[in-house]
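Novice: here's my sequence, what's the structure:
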Amino acid sequence: MEEQELVPYTRWKPKVMVIGAVIGAAVGLGAAYLFAQKAKDETTHPRFTASDGVKLGLLVLGLLRAIADLGE
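Specialist: Below you'll find the model as predicted:
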């Protein structure tokens with residue numbers, strides 16, 4: 001019986017990208033739902049200030065840095 005050589009699976013990147021996109025879309029949809037729930041009724045709009053945007057941006061950058069560190 002011949003011994004078969006193991007070939008490394010090199011097509012894992014597209015699968016990771018698709019899974020990441022699906023998870024990102026689900027998290028984004030959840031965040032939009034929660035943001036919309038801040039409005040008490042249909043006539044008021046929730047406020048999103050520049051400082052809220054900066055806080056959210058820094059939070060996302062920190063999250064991306066933590067995810068990038070997982071691959072090391």
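Novice: against residue 10, how distant is residue 31?
Specialist: 34 Å (CB to CB, to the nearest Å). Glycine gets a C-beta too; all of them are placed from N, C-alpha and C.
Novice: quick one: which of these two has more around it?
Specialist: residue 31 (11 against 6; other CB atoms under 10 Å).
Novice: can you pull the buried residues of the helix or strand in which that one is found?
Specialist: Assigned by DSSP states H and E, residue 31 belongs to helix 12-37. For helix 12-37, a neighbour-count test (16 or more other CB atoms under 10 Å) marks nothing as buried.
Novice: CA atoms only for the helix or strand just after that helix - export them in CSV, please.
Specialist: Using DSSP H and E, the helix or strand that follows helix 12-37 towards the C-terminus is helix 50-70. What follows is helix 50-70, C-alpha atoms only, in CSV (Å, rounded to 0.1, in the frame of the first residue of the first chain):
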residue,chain,number,x,y,z
ALA,A,50,-19.5,63.6,16.4
SER,A,51,-18.1,62.4,19.7
ASP,A,52,-20.3,59.3,19.5
GLY,A,53,-18.8,58.7,16.0
VAL,A,54,-15.2,59.0,17.4
LYS,A,55,-16.0,56.7,20.3
LEU,A,56,-17.5,54.1,18.0
GLY,A,57,-14.6,54.4,15.5
LEU,A,58,-12.0,53.9,18.2
LEU,A,59,-13.9,50.9,19.5
VAL,A,60,-14.1,49.3,16.1
LEU,A,61,-10.3,49.9,15.5
GLY,A,62,-9.6,48.3,18.9
LEU,A,63,-11.7,45.3,18.0
LEU,A,64,-10.0,44.9,14.6
ARG,A,65,-6.6,45.1,16.2
ALA,A,66,-7.6,42.4,18.7
ILE,A,67,-8.9,40.2,15.8
ALA,A,68,-5.7,40.7,13.9
ASP,A,69,-3.7,39.7,16.9
LEU,A,70,-5.5,36.4,17.0
